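Peer 1: sequence isn't available, so here's the structure alone:
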């Protein structure tokens, strides 16, 4: 029988041409859906009327309601976080801080407000030195914070959807978004470079390290302001992308694109809400940590304190866990508010 010729397989498409085509299609899709055009001034008549986001106080109330709705799971997650943080990083600083505290209490200026400020500074000094000396412990603590951040978002999603979840599901299932979450943090780190350079310029001008006249001061100050503004502009959207990437099956770059569309025209409002939440968390931190510091300073003197015994690191990690809990849930509530505006 005559031999049949083997059919030659079709040539593979040029990978480079396919990549260029995908980029062109994505750009055209973005141009159809984006509110603004890059490097083009948008007329006010061309822009859709954007609804206002709820006030920061209202968003915080919603955050509190979500946390109260899942309070049993939230408490267990907080306890687990404090135990992990204490075991990973807290034990290293315990003896050092107790010795530093007893040495400080032996001085003459250990009472009053100045004494509390000095003791607070000593605590953070020990924490910073411990972090520098124990890099593996610091990495583990940061990874634990990211994992619990995703777990709190998971709990908030299920509470808003009126579904039942548990601690094991929140920790195990939400952890699948850990790698995309870290990649987005890397994007935020890169986006902060212009702002960091702007702050460096402003610091050199303010301290007089650069001997320049009034006109140069104004120009360098304007340059620093523009660099900081560029970083803030991009970081606001990337912070919202951290909430989007926690959704199941979401990839980091897709989450970043979706977040940029959500925050279009809302960046200044979001910045105000971010700052308001930061102020509230700082006030809560001071309201709990400083009285604890003053109480231990007053009750536990040099002779009545055992070396190596102090509750301050425990309170510190508890407040750090509360910050992770509140910040992650609050930002997710803001993300839901943006979605509601898009639906309207």
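Peer 2: Everything's here; your move. Model, not experiment: these values are computed from the prediction. Residues are numbered from 1 along each chain as shown.
Peer 1: tally up the residues packed near the residue lying closest to residue 52 once chain neighbours are set aside, please.
Peer 2: Among residues not flanking residue 52 along the chain, residue 269 sits closest, at 7.1 Å (C-beta to C-beta, 6 or more residues apart in numbering). Placement of C-beta: from N, CA and C, glycine included. Number of residues near residue 269 (other C-beta atoms under 10 Å) recorded here: 18.
Peer 1: gap between residue 269 and residue 55?
Peer 2: Distance, residue 269 to residue 55, by C-beta to C-beta, to the nearest Å: 10 Å.
Peer 1: so what's the closest residue to residue 342 other than its chain neighbours up against?
Peer 2: Leaving out its chain neighbours, the residue that sits closest to residue 342 by C-beta to C-beta, 6+ apart is residue 262, at 6.8 Å. Shown in contact with residue 262 (C-beta atoms under 8 Å, 6 or more residues apart in numbering): 237, 240, 244, 335, 338-339, 342.
Peer 1: select only the buried ones of those in PyMOL?
Peer 2: Buried subset of these, written as a PyMOL selection, criterion 16 or more other C-beta atoms under 10 Å:
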select buried, resi 237+240+244+335+338
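Peer 1: show me the contacts of residue 262 that map onto helices.
Peer 2: Secondary structure from DSSP state H places 237, 240, 244, 335, 338-339, 342 of the contacts of residue 262 in helices.
Peer 1: what's the weakest-modelled helix or strand in this protein?
Peer 2: Least confident helix or strand of the chain, by mean pLDDT, DSSP states H and E, is helix 91-105 with a mean of 53.
Peer 1: ok, back up a step: and the pLDDT at the residue nearest to residue 342?
Peer 2: In this prediction, residue 262 carries a pLDDT score of 85.
Peer 1: same deal with residue 152?
Peer 2: Reported pLDDT for residue 152: 92.
Peer 1: can you give me the helices for the stretch 151-300 of the chain?
Peer 2: Using DSSP state H, counting those that start in this stretch, the helices found in the stretch 151-300 of the chain span residues 167-174, 178-191, 193-206, 214-244, 252-262, 267-299.
Peer 1: buried deepest among the ones you listed, which one?
Peer 2: Ranked by mean neighbour count under mean count of other C-beta atoms under 10 Å, these are led by helix 252-262, which reaches a mean of 19.
Peer 1: now that one against helix 178-191, angle please.
Peer 2: Helix 252-262 and helix 178-191 meet at an angle of 60 degrees, taking axes from the mean of the first three to the mean of the last three C-alpha atoms, to 10 degrees as the criterion.
Peer 1: ok, residue 324 touching residue 82?
Peer 2: No: here residue 324 lies out of contact with residue 82, judged by C-beta atoms under 8 Å, at a distance of 10.9 Å.
Peer 1: right, and the helices of the stretch 151-300 of the chain - which one's nearest residue 138?
Peer 2: When the helices of the stretch 151-300 of the chain are ranked by distance to residue 138, counting by C-beta to C-beta, first place goes to helix 178-191 at 15.0 Å.
Peer 1: now do that closest one against helix 193-206, angle only.
Peer 2: Using the same axes, to 10 degrees: helix 178-191 against helix 193-206 is 40 degrees.
Peer 1: tell me which other helices or strands helix 178-191 touches.
Peer 2: Applying 3 or more C-beta pairs under 8 Å, 6 or more residues apart in numbering; DSSP states H and E, one finds that helix 178-191 contacts helix 135-160, helix 214-244, helix 252-262.
Peer 1: could these go into CSV alongside distance to residue 278?
Peer 2: Below are the helices and strands packed on helix 178-191 laid out as CSV (distance: least, C-beta to C-beta, whole Å):
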stretch, distance to residue 278
helix 135-160, 16
helix 214-244, 12
helix 252-262, 19
